[in-house]
Structures are given as structure tokens and as C-alpha cells.
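1. Requesting a structural model of the entry that follows:
(2 chains)
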Amino acid sequence: MIPGILLQIIQTLVAILLAPLLLGWVNLCRAWLQGRRAPPLTQPYRVLKKLFHKDAVIAHTASPLFRFAPYMVFACMALAAGIVPTFANDLAFSPAADAIALVGVFALARVFLALAAMDIGTSFGTLGARREMLISFLAEPALLMVFFTASLISHSTALPTIVETLAHKEFVIYPSMAFAAVAFWMVSTAENARIPVDNPATHLELTMIHEAMILEYSARHLALIEWAVSLKLFTYSALGIALFVPWGIAARGDFAALPLAFLALTLKMVVGGATLSLLEATAAKVRLFRAPEFLGTAFMLAVLGMLTHFLLEV
Amino acid sequence: MSLTYYLQVVNLLAALLLLISFAMLSQRRIVGLITLFAWQGAALAASTAIVAGSTGQHHLYWSAGITLALKVIAMPWFFYRLVRKLDVDRDVEPMINIPTTMLIGIVLVIFAFNLALPISQMSGTVTRSTLGIAMATVLLAFLMMITRSKAIPQVIGFLAMENGLFFAATSATYGMPLVVEMGVALDVLVGVFVLGIFFFQIRETFDSLDLKHMEKLKER
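-> Numbering: from 1, shown residues only, chains lettered A, B, ... in the order given. From the prediction side, this is the model:
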């Protein structure tokens, strides 16, 4: 139990501290691919530092909910980062929260962010919150379906058990996971406000979704939200790794494998971030009203993955 | 043990085939459709070659070779040229909107999987479980032919259907005799060339490749 708690704390801290680095790496790759001069790798940390040193400006109409929401969002993301196995599979939290609870934690953060956006009463906040809800209510069932496909294989919804089945048992190719992987990529672009659905670098009122919601935040509140955004990207990357390329995550009680597991995680994150930026650089942002179609396709693919599981793998 | 690993790869390629079929169903641009068709041919050729290698059915190597030459290289190249010459690479609006088409596609997949279950139990091949996917591919290609009104997507749908049939033959009975397969390949090749000429004739007559205009030819 004690090593489990220790590993849990270390893993959560690693996720919180390294998440901005992943965002910096993705931005770096994207700048290279677009032929721009890249910002330094540590740029997200500098932004956070700058924001934490500023004085917060809050609208007169803001209620306590508005001040409270960033802390809530950050706490949710930190909790989510703790549930997903990144390099150790022996986590003390894992019996308390499975994949379905993870989806719930993401939903909780989103609800608070949307409420806070509506709280101020500006038109942009409301617009962003509505769009976010439109996207997320379509993305969530698809994400659940992806988890169910993995759960059908491992007969459990607990993430460490899924990782154990996929990585530490006999190697088997699961065709259904190919469908789930495509669906997961589509969902994670929508949930992380990345390119085919939303553009994280734009403030154009016609297209922005996530940025419209956080327009009224400043200083430490904005810093927490930005940090939570990078943490969410990190958690989703870790989820993708845990579900589709879990090899290298240290098995339960295998402490000798931990340094190697950490190295494997770093390598997979570097490759994953580069792939994400490559996909972003080659894809065009879809129109807002095409986004339901995009996410509908993700849902179908996840369902198809389950069907294929019953046909080919039982 | 080695056979099961081969089998797993064949299953993965079968899943890929189905995935590409769905991608074709949701694709709006003709050039994208042709690229997807080429990839489908590649997956088909690879799975046929692996079945040939793992079961010792050497005539399947020939089938894989023909598939590679015709469906991955020759036909996509021919279609690319045709699209450039006819200058038709614009969004093709399908007759039914794409989410609805995808929903119908899911229903078709469930239907095909259930339909294939009793048939595949009778078959004695190691790849019999992929028969459901082959039938789903056929039905999805058929759906694509129904929902598209332009000529080139319809022909590609027809060819994708042939891909599905070919895969069904491989998975249920280790492929048809080589003579039959050669004949089918030649037929398909000739068919594509004849249809290519037809495209020009259709466009000359109606100023469009939309087959809805052909309804004018009906006698009342």
C-alpha cells in the first residue's frame, strides 16, 4: 500500500509539472512545421510565471462561482492525471475511480468552466459555453464507447487492469482497438480544442470555442486554467498511450522497471506530440456546424470497434 | 502458434478494410475517394499475400500481385488522370447527408455480421471469421453507389464492391481458381476503361457528370 501511495503522489506531481512542457513541445513542432521561428520549449512555464505575478481583474458582475471555477477545473484535471497510469501501474487511487469516473471528472471540469463563462454575462462567454456544450455532449459518448471497447477486451473498466491486460499478458493484435484509436484521436482533438474542431491560437469570434469561455479571466485564474488545459492535453496523451501503446509501463510491484518506464513515457510523449502537431499542420479546421458530423463519425467508429470485437475476437 | 499471429494480422487488415469503407462513405472529394480506394486495394493485397504465405496456397500470391498492380497502381493512376482531364475535383454532395449515410452503414454492418455468422461456421478456412467484414464491405460499397449521384464515385463504389467480393472469396474458400480471378480482373480493367470513355460521352451530352440527368432519356 505504501509504495502505491508514494507512486501515486510522484506520478501526479510528474504530470502536473511536465504538462506545460508537452504543450511547449507541441507548439515548438507546430512552429517548425509552419515555417515560423519557434518559441522556446519552456514558453508555457514563462507564461504561467508571468500570469501568477499579475494582479487579477474581475468584472463587477462576477459571482463567487467565477473565482472558484479555475481552482475546481485545475483540481479536476490534477485528479484525472492521477487516475491514468503514465509510467507506473501500481496506483493507490485506481480502485476508487475507473474509466467511467474519469469521463465524469472531465465533465465536472467542463460544467464549471461553462457556468463561469456564463456567469459574467458577456455574449462571448455564453456563446463559447454553448458551443463547448454542443461539442462535448457529442464527444462524451464516443469517449465512453472507446473505453467500453477496451473494457470488453480486459473485462474491467479500471485503467490499470486494462493496461495490465494489454501490456503484460500475451501479445495479441486487437483489430477493434484500431477503430477505437481513430475514434479516440477524433474525440481528443475535440476535447482539447485542437485543430479540426477548434483552433487554440485564434481569437476570431466566428470560430473560437474554448478561448471564448476564458476571455474574461486574467492573472492567477487564467494561469490555473492554462495550466489545466496543458494538464488535460497531458492526461489525454497518457490515456492514448495507456490504451493503444501501453508497452513499457511498469507492472505492479516491478520497481526496477520504473526508470525504463519513465524513459519510455518520455519517448512516447515526444513522438506523440510531434504526431499531434503534424496532424494539426496538415488538417484544416472544420466549420463549426461540421463538428457534429466529425464527432458523429467518431462515435460510429467506436461502435464499429465494439462490433468488430464481437466478430473477430470472441 | 505462428499461424495465429498471421491470422491476427489478417484480422487487423480486415478491420482496416472496413475502416476504409467507412472513410469512403464519409469522403466528400473525388480525389480523396480515389486515394482511399488505392489504400483499400493495398490492404486487400497485403491480406491476400499473408493468407497465401500462411496456408501455402500459392495461387493466392498471383491474386495478390494482380490486385497490387491493378487496384493500387493502374486504376488509381487512371482515375487521377481522368479527374484532372474532366476537371471535376469539387465537393460532391451526396443525395442523403453523410451522418444519415453512416447510420445506415452501421445498420448494414450489423446485418452483414449476423448474416455471415452461420455461413462462416460451415466454412473450413482459418480466415472464416472475416467473412462478415467482407460482406459488410460489399454492402457499404453498394450503399455508396446508391447515395452518390456523380459518375466517378459510383464507379469507385462498384470497384470497392469488387474488392469486398474478392476478400469474401479469400476468407471463405481461399480464393477462386486462378483462371476465374484472371478473368474477373480483366473484366474489371476493361470495364473501367469503357466507363472512362463513357464519362466523356456523358459530359459531352449533358454538360455534367451528374447521373440524374440521364433520367431524361426515359421514354414516357
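
2. need the contact list for the residue in the stretch 51-200 of chain A that chain B sits nearest to.
-> Residue nearest to chain B within the stretch 51-200 of chain A: A:Pro175 (3.4 Å; CB to the nearest CB). From N, CA and C alone the C-beta is placed, and that goes for glycine too. Counting by CB atoms under 8 Å, 6 or more residues apart in numbering or on different chains, A:Pro175 makes contact with A:308, A:312-313, B:11-12, B:14-16.

3. and the gap between it and A:His309?
-> Using CB to CB, to the nearest Å, A:Pro175 is found at 8 Å from A:His309.

4. Contact distance from chain B - what residues of chain A qualify?
-> A:172-173, A:175-176, A:178-179, A:182, A:292-293, A:296-297, A:300-301, A:303-304, A:307-308, A:310-313 (CB under 8 Å from any CB of the partner chain).

5. The residue nearest to B:His59 when sequence neighbours are not counted: neighbour count?
-> Nearest residue to B:His59 in three dimensions, chain neighbours excluded: B:Leu178, at 4.6 Å (CB to CB, 6 or more residues apart in numbering or on different chains). The burial count assigned to B:Leu178 is 14, neighbours taken as other CB atoms under 10 Å in any protein chain shown.

6. cool, and B:Gly105?
-> B:Gly105, neighbours per other CB under 10 Å, totals 24.

7. So which residue is dead centre in the chain?
-> Picked chain A for this. Closest to where the C-alpha atoms of chain A average out (CA atoms, centre = their mean) is A:Tyr236, at 3.1 Å.

8. sorry, should have said chain B
-> Central residue of chain B (CA atoms, centre = their mean): B:Ala160, at 1.3 Å.

9. List the contacts of the nearest residue to that one once chain neighbours are set aside.
-> Excluding the flanking residues, the one nearest B:Ala160 by CB to CB, 6+ apart is B:Ala141, at 3.8 Å. Applying CB under 8 Å, 6+ apart to B:Ala141 gives the contacts B:21, B:24, B:157-158, B:160-161, B:163-164.

10. Please identify which of these is nearest to B:Tyr61.
-> When the contacts of B:Ala141 are ranked by distance to B:Tyr61 (CB to CB), B:Asn163 comes first, at 18.0 Å.

11. need the contact list for that closest one.
-> B:17, B:40-41, B:44, B:71, B:137, B:141.

12. in a strand, that's where it is, yeah?
-> No - going by DSSP: H, G, I helix; E, B strand; the rest coil, the assignment for B:Asn163 is helix, not a strand.

13. Residue numbers of chain B in contact with chain A?
-> So chain B meets chain A at B:5, B:8-9, B:11-12, B:14-16, B:18-19, B:22, B:26, B:98-99, B:102-103, B:105-106, B:109-110, B:113, B:129-130, B:132-133 (CB under 8 Å from any CB).

14. who's in contact with stretch B:122-129?
-> With CB under 8 Å, 6+ apart, stretch B:122-129 has contacts from A:311-312, B:3, B:7, B:10-11, B:51, B:54-55, B:120-121, B:131, B:170-174.

15. no wait, stretch B:201-220
-> Residues outside stretch B:201-220 that contact it (CB under 8 Å, 6+ apart) are B:86, B:88, B:149-152, B:154, B:199.

16. Check stretch B:144-160 too.
-> Residues contacting stretch B:144-160 (CB under 8 Å, 6+ apart): B:21, B:24-25, B:30, B:33-34, B:37, B:40, B:71, B:75, B:79, B:82-83, B:86, B:88, B:92, B:94-96, B:101, B:137, B:140-142, B:161, B:188, B:191-192, B:195, B:198-199, B:202, B:209-212.

17. Quick check: PyMOL command selecting the buried ones in those residues.
-> In PyMOL, a selection of the buried entries from the contacts of stretch B:144-160 looks like this (16 or more other CB atoms under 10 Å in any protein chain shown):
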select buried, chain B and resi 21+24+25+30+33+34+37+40+71+75+79+82+83+86+88+92+94+101+137+140+141+142+161+188+192+195+199+202+209
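
18. Tell me which of the contacts of stretch B:144-160 fall in helices.
-> Using DSSP state H, the subset of these located in helices is B:21, B:24-25, B:30, B:33-34, B:37, B:40, B:75, B:79, B:82-83, B:86, B:101, B:137, B:140-142, B:161, B:188, B:191-192, B:195, B:198-199, B:202.

19. The residue nearest to B:His59 against B:Ser63, yeah?
-> Yes - applying CB atoms under 8 Å, one finds B:Leu178 in contact with B:Ser63, separated by 7.4 Å.

20. so where's the chain uncertain?
-> Reading this off chain A. Residue ranges of chain A with pLDDT under 70: A:1, A:314.

21. Chain B, not that one
-> B:1-3, B:89-94, B:220.

22. Quick check: the residue of it nearest chain A.
-> B:Ala15 (3.4 Å).

23. Surely A:Val47 and A:Glu226 touch.
-> Yes - counting by CB under 8 Å, A:Val47 touches A:Glu226, with 6.6 Å between them.

24. The contacts of A:Pro175 into JSON lines, with extra columns for neighbour count and secondary structure?
-> Output for these, formatted as JSON lines (neighbours: other CB atoms under 10 Å in any protein chain shown; DSSP: H, G, I helix; E, B strand; the rest coil):
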{"residue": "A:Thr308", "neighbour count": "28", "secondary structure": "helix"}
{"residue": "A:Leu312", "neighbour count": "23", "secondary structure": "helix"}
{"residue": "A:Glu313", "neighbour count": "17", "secondary structure": "coil"}
{"residue": "B:Asn11", "neighbour count": "24", "secondary structure": "helix"}
{"residue": "B:Leu12", "neighbour count": "21", "secondary structure": "helix"}
{"residue": "B:Ala14", "neighbour count": "29", "secondary structure": "helix"}
{"residue": "B:Ala15", "neighbour count": "26", "secondary structure": "helix"}
{"residue": "B:Leu16", "neighbour count": "21", "secondary structure": "helix"}
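
25. Need the max-distance pair from those residues.
-> A:Glu313 and B:Leu16 (15.1 Å).

26. So what's the residue count around residue 179?
-> Just so you know, I chose chain A. A:Phe179 has 28 nearby residues by other CB under 10 Å.

27. that answer is for a different chain, and I need it for chain B
-> Neighbours of B:Val179 (other CB under 10 Å): 9.

28. how close does it get to B:Trp62?
-> Applying CB to CB to B:Val179 and B:Trp62 gives a distance of 11 Å.

29. how about the helices in chain A?
-> Going by DSSP H, chain A shows helices at A:2-33, A:43-52, A:64-83, A:99-120, A:123-154, A:159-163, A:175-191, A:210-213, A:219-244, A:258-282, A:291-312.

30. Could you export these to TSV, including columns for distance to A:Ala250?
-> TSV is the format used below for the helices of chain A (distance: least, CB to CB, whole Å):
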stretch	distance to A:Ala250
helix A:2-33	9
helix A:43-52	28
helix A:64-83	16
helix A:99-120	20
helix A:123-154	18
helix A:159-163	10
helix A:175-191	21
helix A:210-213	34
helix A:219-244	12
helix A:258-282	4
helix A:291-312	27
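
31. ok so, going back, please flag which of the contacts of stretch B:122-129 sit within strands.
-> Among these, the subset assigned to strands under DSSP state E is empty.

32. PyMOL command for the buried members of those?
-> In PyMOL syntax, the buried subset of the contacts of stretch B:122-129 is picked out as below (16+ other CB under 10 Å):
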select buried, (chain A and resi 311+312) or (chain B and resi 7+10+11+51+54+55+120+131+170+171+172+174)
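
33. Next, check the contacts of stretch B:122-129 against the helices and list the overlap.
-> A:311-312, B:3, B:7, B:10-11, B:51, B:54-55, B:120-121, B:131, B:170-173.
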